[in-house]
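> what's the 3D shape of this:
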Amino acid sequence: MDIIGIIPSRYGSTRFPGKPLVDIAGKSMIQRVIEQCKSAGVLKKVIVATDDQRIFDHVKKLGHEVYMTSPNHTSGTERCYEALQLDGGHYDFVINIQGDEPFIAPEQIQLLTSTFNRNTEIATLIKRIESIEELENPNIVKALKTDTGLALYFSRSSIPHMRNIPLEDWMKSHQHYKHIGIYGYRIDALGKIVTLAPTPLEMAESLEQLRWIENGYRIRTATTNIETIGIDTPEDLERALKEMKV
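You can find the predicted model right below:
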């Protein structure tokens, strides 16, 4: 099975402009993402897809593969698809790795690929929620799944709602999960989902994956025990450096 890893990377973050190039203990953020992906040992190729010349030049200088893509994409999924067309190689699956996850664990990439088979359309990771603070945080996306691991729904709200149970007891009454934003797509499924129009649930929650569910696509989940640390703000980076002891 041939799998390509694609890292969409934009310069123009409103909360942290230029974050792909920020220095993290002597290496740029995007360099760390690339190296973590390659160290997983399960990807035939790892490429960066960007719309910014500074990122393009930086990745090239490091000796890694990078493609310049359109600035008009509205999602990393669309950027991945264009990069795949530019690459022109033959692959069975694509993994979309967030460009602001410099501490993504190789084991998580390996876990995601373990879900891939001919029946897999889309796959992603989830992790058990450990605190009420996480459960109530709208910036942490929650996930519901079937017993067989298929995603039922994603929400910024706490799901399921535990009726007639005090909030402090929700964690005891049900196993809640949060979404880890790494995706795997079967090649043909990726080509189809990028043609889909936004849907009501997606627009209500501002979650792209709901578009796929509303259109009948199956998202397989795998549960990781490893915490991920996405970097959205300079404060996130400061906290992450302390936690990871980089």
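> residue ranges of the helices in the protein, please?
Under the criterion DSSP state H, helices of the chain are mapped to 29-39, 53-62, 76-87, 106-113, 132-136, 170-173, 187-193, 200-205, 209-214, 234-244.
> so how far is the first one off the chain centroid?
Yep, that's helix 29-39 we're talking about. How far helix 29-39 lies from its chain's middle: 14 Å, per CA atoms, centre = their mean, to the nearest Å.
> ok, the fourth one next?
Counting by CA atoms, centre = their mean, helix 106-113 is centred 12 Å from the centre of its parent chain.
> what helices and strands are in contact with it?
helix 29-39, strand 93-96, strand 122-128, strand 177-186 (3 or more CB pairs under 8 Å, 6 or more residues apart in numbering; DSSP states H and E). For every residue, glycine as well, the C-beta is placed using N, CA and C.
> so which of the ones you listed is the most packed in?
For the helices and strands packed on helix 106-113, the largest average neighbour count (mean count of other CB atoms under 10 Å) is found in strand 93-96, namely a mean of 24.
> so can I have a markdown table of the helices of the chain showing distance to residue 17?
Listed next are those as a markdown table, based on distance: least, CB to CB, whole Å:
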| stretch | distance to residue 17 |
| --- | --- |
| helix 29-39 | 13 |
| helix 53-62 | 11 |
| helix 76-87 | 18 |
| helix 106-113 | 27 |
| helix 132-136 | 27 |
| helix 170-173 | 37 |
| helix 187-193 | 29 |
| helix 200-205 | 26 |
| helix 209-214 | 26 |
| helix 234-244 | 10 |
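> switch those over to TSV; also include distance to residue 69 and mean pLDDT.
As requested, these are exported to TSV (distance: least, CB to CB, whole Å; pLDDT from 0 to 100):
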stretch	distance to residue 69	mean pLDDT
helix 29-39	14	96
helix 53-62	10	97
helix 76-87	5	97
helix 106-113	22	98
helix 132-136	33	93
helix 170-173	41	88
helix 187-193	15	98
helix 200-205	22	97
helix 209-214	20	98
helix 234-244	25	78
